[in-house]
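> Build me a model from this:
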Amino acid sequence: MKHQFNIYTASRIDEPVIQNRLGLLGKLASQAGYETRFFGLTPISSNFRSSDYKVVSVGHDNDSKSDSFIWRFFFELYISFRLMISSWRSSNECIQFVSVPSLLLLITLPFFKTGKKLIVDIRDASWLYLINQGGFHKLLGYFFFIFARLSLRKPELITITNAAEHNHIINITKGKDIQLLNNGISNLRFQELEEIASIKKNFNKTDSISFSYIGNVGQAQKLDSFIKLITKHKSINLKIVGSGSDLRRLKLIFKNCNNIEFVGKIDWSGVKEIYKNTDFLFARIGSNYETAVPSKIYEYISAGRPIVIAAKGIAADFSCQFHGVYLVDPDNIKDLELIINKIIKSPYRLKTSEIKKNRELIKKLYIRDKSISNFLVNLTN
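Modelled structure (predicted):
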């Protein structure tokens, strides 16, 4: 008889950021012999299914689209309770894997059924982001920080994504078993980007320069200043690829800018075309998010394109390992403008040897399949 492996998220299961980490976990858990079930939100427009695991919907994504903070708060709390109730319907021999970028899951976490083993995945220590802000957000951050200290007493194992999260979690959970389950890129996507990474382009003085931003378009990214800067340089064309809470506002602000294109959310084949045709990539993570590394950076580096990264903390430390990275403080617009002017004056292409070294480091340390497979082996043992 197969043991059950249940994955819980308060996010939409088919979102790329969820599929990249938890979807691959579900797939590899099934391949390792578990009967895997994935609990979370599903799109109302389609009957989302997977051949790798059983999808159990606890709500539909469109129910949470209201702009009202109060509505979204109570909807997410409702989903967190539904996930907790679902956990009690599982067998006593089931492994329970609860992913907590969702702060409200911290409230229901103490009431989850433990099963054979309860694992909490800290994909983002989101309460730290709130604490680093002011006013109401800071107060809310401390509220969830207290809940984190209390709730994280229950799980037998806690997984984290990087060293900064590890240092924080180990300070608030004395004696808990903490394991690194680092972010990265799937082996399949890494292999698919190899051909794109090898494509070379020689710049002429008459050529326009293509920039692309690929990822979430939300408050954490604060893309306003970068987009505004690009509008001053007609020799640069910028594509914003992805969706998020700030997309509508940005589209309204920059709707009359001819060198800015909001592509929206596209599938992986479309993303590969963007990588293929872009000259430079841009990533930004706000200064309040010093313990986060955007997942897209692993893809960026694997695609073999120079990258302008506005980041501090662990994301900046991570990026410094690689060739072709222009690193800037996310709050320093003047330095960002200097970098853009430098690129316009002398566009840079990575050498074949630099691309190879970058990809070798990604392959060695940041292939998700390896870290997840090792995690599952350790779990079995």
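> helices or strands next to the helix or strand containing residue 282 in the packing?
Secondary structure assigned from DSSP states H and E places residue 282 in strand 280-284. For strand 280-284, the contact count by 3 or more C-beta pairs under 8 Å, 6 or more residues apart in numbering; DSSP states H and E identifies strand 209-214, helix 296-302, strand 307-310 as packing neighbours. In this view, the C-beta of every residue, glycine as well, is placed from N, C-alpha and C.
> Need the residues that contact that strand.
With C-beta atoms under 8 Å, 6 or more residues apart in numbering as the test, strand 280-284 has contacts from 209-215, 221-223, 226, 238, 294, 296-297, 300, 303, 305-311, 330, 343, 347.
> And that strand, how far out from the chain middle?
Offset of strand 280-284 from its chain centre (C-alpha atoms, centre = their mean, to the nearest Å): 15 Å.
> Now do the buried residues in the helix or strand encompassing residue 250.
If you go by DSSP H and E, residue 250 is part of helix 247-253. Across helix 247-253, burial judged by 16 or more other C-beta atoms under 10 Å covers 247, 250.
> cool, stretch 139-149 as well?
Applying a neighbour-count criterion of 16+ other C-beta under 10 Å, one finds 141, 144, 145, 147, 148 buried in stretch 139-149.
> And the pLDDT at the second one?
Residue 144 is assigned 85 on the pLDDT scale.
> Is it in a helix, a strand, or coil?
Under DSSP: H, G, I helix; E, B strand; the rest coil, residue 144 falls in the helix class.
> now it, nearest residue through space, not along the chain?
residue 127 (4.0 Å; C-beta to C-beta, 6 or more residues apart in numbering).
> of all the buried residues of stretch 139-149, which comes closest to residue 336?
Ranked by distance to residue 336 (C-beta to C-beta), the buried residues of stretch 139-149 are led by residue 141 at 27.4 Å.
> Wait, that closest one touches residue 133, no?
Yes - with contacts counted by C-beta atoms under 8 Å, residue 141 reaches residue 133, the gap being 7.2 Å.
> helix, strand or coil for residue 158?
strand.
> roughly how far apart are it and residue 151?
For residue 158, the distance to residue 151 (C-beta to C-beta, to the nearest Å) stands at 11 Å.
> Give the intersection of the neighbour lists for those two.
residue 120.
> tell me which strands and helices the worst-scoring helix or strand of the chain on mean pLDDT is in contact with?
Averaged element by element with mean pLDDT, DSSP states H and E, the chain has its least confident helix or strand at helix 126-131 (a mean of 78). Contact partners of helix 126-131 among helices and strands, from 3+ C-beta pairs under 8 Å, 6+ apart: helix 135-151.
> on contacts alone, who are the packing partners of the helix it packs on?
Secondary-structure packing of helix 135-151 (3+ C-beta pairs under 8 Å, 6+ apart): helix 105-108, helix 126-131, helix 163-172.
> run the last query once more with 6 Å
Secondary-structure packing of helix 135-151 (3 or more C-beta pairs under 6 Å, 6 or more residues apart in numbering; DSSP states H and E): helix 105-108, helix 126-131.
> Which strands or helices does the shortest one pack on?
Counting contacts by 3+ C-beta pairs under 6 Å, 6+ apart, helix 105-108 is packed against helix 69-87, helix 135-151.
> quick one: the residue nearest to the spatial centre of the chain and residue 240, what's the gap?
Nearest to the mean C-alpha position of the chain, counting by C-alpha atoms, centre = their mean, stands residue 295 at 4.3 Å. Residue 295 is 17 Å from residue 240, where distance means C-beta to C-beta.
> got it, and residue 217?
Residue 217 sits 6 Å away from residue 240, taking C-beta to C-beta as the criterion.
> list the contacts for residue 22?
Residue 22 makes contacts with 7, 9, 99, as judged by C-beta atoms under 6 Å, 6 or more residues apart in numbering.
> run the last query once more with 8 Å
7, 9, 13, 38, 99, 121.
> With distance to residue 280 and mean neighbour count as extra columns, can I get the helices and strands packed on helix 135-151 in JSON lines?
Compiled in JSON lines, the helices and strands packed on helix 135-151 are given as follows (distance: least, C-beta to C-beta, whole Å; neighbours: other C-beta atoms under 10 Å):
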{"stretch": "helix 105-108", "distance to residue 280": "37", "mean neighbour count": "22"}
{"stretch": "helix 126-131", "distance to residue 280": "27", "mean neighbour count": "20"}
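> out of those, nearest to residue 116?
Of all the helices and strands packed on helix 135-151, the one in closest proximity to residue 116, counting by C-beta to C-beta, is helix 105-108 (19.8 Å).
> Next secondary structure element downstream of the closest one?
According to DSSP H and E, the helix or strand after helix 105-108 is strand 117-122.
> buried stuff in that next one?
Buried residues in strand 117-122 (16+ other C-beta under 10 Å): 118, 119, 120, 121, 122.
> Ok, stretch 148-168 next?
So stretch 148-168, judged by 16+ other C-beta under 10 Å, has buried residues 148, 151-152, 155, 157-162, 164-166, 168.
> Which of these sits closest to residue 289?
Among those, and counting by C-beta to C-beta, the member closest to residue 289 is residue 164, at 10.4 Å.
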